[in-house]
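Peer 1: Let me see the structure of the following:
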Amino acid sequence: MEDKIKKLEEWVNNNYSPYKCGWTDGIESGVSYAAYEIGCILGMDLEEPEEPSYN
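Peer 2: Okay, the predicted model is just below:
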């Protein structure tokens with residue numbers, strides 16, 4: 001089980017970007033936000049995602 005958790009943590013680290021979470025369009029934003037949510041479930045200490053700017 002630890003191996004699976006380590007792989008998930010690695011995936012989160014490779015796919016989470018607070019900056020990309022602030023984008024309002026695109027798959028990269030969605031993947032990044034999913035990585036953030038998974039990281040939170042795993043109890044990882046992650047920087048808060050940026051809020052979208054609609055300007």
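
Peer 1: Would you indicate which residues of the helix or strand of the chain with the lowest mean pLDDT are buried?
Peer 2: Ranking every helix and strand in the chain by mean pLDDT, DSSP states H and E puts helix 18-21 at the bottom, with a mean of 91. Going by neighbour count (16 or more other CB atoms under 10 Å), the buried part of helix 18-21 is 20-21. Every C-beta, even on glycine, is put in place using the N, C-alpha and C of the backbone.

Peer 1: Can you spell out which helices and strands pack onto it?
Peer 2: helix 27-42 (3 or more CB pairs under 8 Å, 6 or more residues apart in numbering; DSSP states H and E).

Peer 1: Against which helices or strands is the helix it packs on packed?
Peer 2: The contact analysis (3+ CB pairs under 8 Å, 6+ apart) places helix 27-42 against helix 2-15, helix 18-21.
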